[in-house]
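*Asks:* Below: sequence and its predicted model.
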Amino acid sequence: MEQSENNKVILGFGSFDGLHDGHRFFIDEIKKRGERVVIAVAPDEVIEKIKGRSPRFALSERIGALKSQFPDIEFIPADSEIGNWKILEKVKPDVVAIGYDQMSLKESLEKSGTEPLPEIVVINSHEPEKFKSSLII
């Protein structure tokens, strides 16, 4: 039986290292797409591998900041190993939402061999010339 749009489980990903309006826009857009929203927050060691630097805020601080602004959303640590996709088994999302700047994540998911592959949606940017983490840090 197919779920209605508002009963879907939506999984999003991000570092959220210094919460800004672009992050808030991303989360608000995800919230419009389903009933249960789960955001997987990148562990410190994953940020170091992807961005080549340590995060400014520890994982627990980043999750705490997110929970304080979005108490109706579930925030969990993402996989500590890039590309193993165990989080999909845990969350069982109907939809994976990724940011406009996370195309490598989309490609990795598409090549993962996960069956069935959740629907993947790309969330548009929100003033990326102002609200992109690499510009703000």
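*Replies:* Alright, I've got the coordinates.
*Asks:* any low-confidence regions in this structure?
*Replies:* 1-6, 127-137 (pLDDT under 70).
*Asks:* try it again with 80
*Replies:* Across the chain, the ranges flagged by pLDDT under 80 are 1-7, 126-137.
*Asks:* all strands for it, in order.
*Replies:* 9-14, 36-41, 74-77, 95-99, 119-123 (DSSP state E).
*Asks:* Format these as TSV; extra columns: distance to Glu61.
*Replies:* Quick note: C-beta positions are derived from backbone N, CA and C, even for glycine. What follows is these, written out as TSV (distance: least, Cβ to Cβ, whole Å):
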stretch	distance to Glu61
strand 9-14	14
strand 36-41	10
strand 74-77	12
strand 95-99	21
strand 119-123	24
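*Asks:* Figure out which of the ones you listed is closest to Leu66.
*Replies:* strand 74-77 (4.9 Å; Cβ to Cβ).
*Asks:* Sheet-wise, list the partners of that closest one with their directions.
*Replies:* strand 36-41 (parallel) (DSSP bridges).
*Asks:* Extract the CA atoms of the strand it pairs with and return them as PDB.
*Replies:* Output of strand 36-41 as PDB, limited to C-alpha atoms (Å, rounded to 0.1, in the frame of the first residue of the first chain):
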ATOM      1  CA  ARG A  36       8.400  12.100  10.000                       C
ATOM      2  CA  VAL A  37      11.500  14.000   9.300                       C
ATOM      3  CA  VAL A  38      14.900  12.600  10.300                       C
ATOM      4  CA  ILE A  39      18.100  14.600   9.800                       C
ATOM      5  CA  ALA A  40      21.400  12.700   9.900                       C
ATOM      6  CA  VAL A  41      24.100  15.000  11.200                       C
END
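*Asks:* Next up, the contacts around the residue lying closest to Ala65 once chain neighbours are set aside.
*Replies:* The shortest distance from Ala65 to any non-neighbouring residue, by Cβ to Cβ, 6 or more residues apart in numbering, is to Leu19 (5.2 Å). By Cβ atoms under 8 Å, 6 or more residues apart in numbering, the residues touching Leu19 are Arg62, Ala65, Leu66, Gln69.
*Asks:* same deal with Glu110?
*Replies:* Leu117, Ile120.
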